[in-house]
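Chemist: attaching a predicted model along with its sequence, questions to come.
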Amino acid sequence: MPWFDFVWNHEPGGNVEHIAEHGLTPEDVEFVICNPLEKTISRSSGRPVVTGYTPDGRLIFVVYEEIDEVTVYPVTAYDVE
């Protein structure tokens, strides 16, 4: 399992609030980034994306930015339909 530093913005409008709007927590997102089923690039933003299961079994899609080799900024995450 890879190791990353995650950048979380807890201010209004930040990434924590944004993923919470989709019923997800930072822990859900971190787990999927560290344990992806698939990694690819977003066709719309060009950012890396991963798909994987949260600890409670939800299949989600996570879009993030790679700040450097070990630091990521999760942009958004939501359920795969």
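Modeler: Great, that's in hand.
Chemist: centroid residue for this protein?
Modeler: Centre of the chain computed as the mean C-alpha position; nearest residue by CA atoms, centre = their mean is Val62, 3.7 Å away.
Chemist: verify the contact between that residue and Thr54 for me.
Modeler: No. Val62 is not in contact with Thr54 according to CB atoms under 8 Å; the separation is 10.0 Å. C-beta here means a position set from N, CA and C on the backbone, and glycine is covered the same way.
Chemist: what's the overlap in contacts for these two?
Modeler: Residues touching both Val62 and Thr54 (CB atoms under 8 Å, 6 or more residues apart in numbering) are Val32.
Chemist: so the residue nearest to the centre of the chain is in which element?
Modeler: strand 59-66 (DSSP states H and E).
Chemist: helices or strands next to that strand in the packing?
Modeler: The contact analysis (3 or more CB pairs under 8 Å, 6 or more residues apart in numbering; DSSP states H and E) places strand 59-66 against helix 26-34, strand 48-53, strand 71-79.
Chemist: as a markdown table, those with distance to Gly14 and mean pLDDT would be great.
Modeler: Below are the helices and strands packed on strand 59-66 laid out as a markdown table (distance: least, CB to CB, whole Å; pLDDT from 0 to 100):
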| stretch | distance to Gly14 | mean pLDDT |
| --- | --- | --- |
| helix 26-34 | 11 | 97 |
| strand 48-53 | 19 | 97 |
| strand 71-79 | 10 | 96 |
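Chemist: can you redo those as JSON lines with mean neighbour count?
Modeler: Formatted as JSON lines, those follow (neighbours: other CB atoms under 10 Å):
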{"stretch": "helix 26-34", "mean neighbour count": "19"}
{"stretch": "strand 48-53", "mean neighbour count": "18"}
{"stretch": "strand 71-79", "mean neighbour count": "18"}
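Chemist: switch those over to a markdown table; also include distance to Ser42.
Modeler: Below are the helices and strands packed on strand 59-66 laid out as a markdown table (distance: least, CB to CB, whole Å):
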| stretch | distance to Ser42 |
| --- | --- |
| helix 26-34 | 14 |
| strand 48-53 | 5 |
| strand 71-79 | 9 |
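Chemist: can you tell which of those is closest to Ile41?
Modeler: Of all those, strand 48-53 sits nearest to Ile41, with 6.1 Å by CB to CB.
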